[in-house]
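Participant: Sequence and predicted structure, then a few things I'm wondering about:
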Amino acid sequence: ENNKTFTMIKPDAVRNGHIGGILDQILKGGFKISAMKYTYLTPEKAGEFYEVHKERPFYKDLVGFMSSGPIVAAILEKDNAVADFRTLIGATDPSKAEVGTIRQLFAESIEANAVHGSDSDENAAIEGSFFFSAFEKF
Ligand code: CMP
């Protein structure tokens, strides 16, 4: 499948009141919401989600941050979803993100960067299944 991606609205953006603004950008960007939930990651779950980054110096902080408050998890649908969503959100570091991208508009820092976007079709499927069971995906 190349028509789906997975996203989270991260704890910083939820705390800062940006759920509505971010969903508005996502819908204006031509994405359809296939599945969505307001939820949270325990430290254990956050550690598991970001397991690929386990050896990175920022891993421990990232796990603490991602379990610091509620998130919104969603599966998004559009042609060329993974690549188009990464364009819509902008660079990981918001100070380097293009004007008008979600991270430029709403992120605080390289860690508290407002949103997650899957980096491949394979990871989009894995990450979507981390949060949603088959009957929750439309
Ligand atoms: P995300 O796209 O969700 O994938 C990994 C996350 O790690 C990234 O967004 C940031 O939240 C965080 N991250 C990546 N690089 C750094 C860094 N250099 N310092 C701190 N956090 C980082």
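Facilitator: Received it, and whenever you're ready, just let me know what you need.
Participant: From now on I want contacts and neighbour counts done on CA atoms only, so please keep to that.
Facilitator: OK.
Participant: So the residue most central in space within the chain: helix, strand or coil?
Facilitator: In the chain, the centroid-proximal residue (CA atoms, centre = their mean) is H116; its distance is 2.3 Å. Of the three states, H116 takes strand under DSSP: H, G, I helix; E, B strand; the rest coil.
Participant: do A112 as well
Facilitator: Under three-state DSSP, A112 comes out as coil.
Participant: before we move on, what about I33?
Facilitator: Classification of I33 using three-state DSSP returns strand.
Participant: Now it. Nearest residue, chain neighbours left out?
Facilitator: Residue nearest to I33 in three dimensions, not counting chain neighbours: L76, with 4.8 Å by CA to CA, 6 or more residues apart in numbering.
Participant: How far away from the center of its chain is the helix or strand containing the one you found?
Facilitator: Using DSSP states H and E, L76 falls within strand 71-77. Strand 71-77 has its C-alpha centroid displaced from the chain centroid by 7 Å (CA atoms, centre = their mean, to the nearest Å).
Participant: That strand packs against which elements?
Facilitator: With contacts taken as 3 or more CA pairs under 8 Å, 6 or more residues apart in numbering; DSSP states H and E, strand 71-77 sits against strand 4-9, helix 11-15, strand 32-39, helix 121-131.
Participant: Okay, angle between that strand and strand 32-39 too, please.
Facilitator: Relative orientation of strand 71-77 and strand 32-39, computed by axes from the mean of the first three to the mean of the last three CA atoms, to 10 degrees: 160 degrees.
Participant: Is the residue nearest to I33 bridged to anything, and to what?
Facilitator: Legend: beta-bridge partners of L76 under DSSP bridges are T5, I33.
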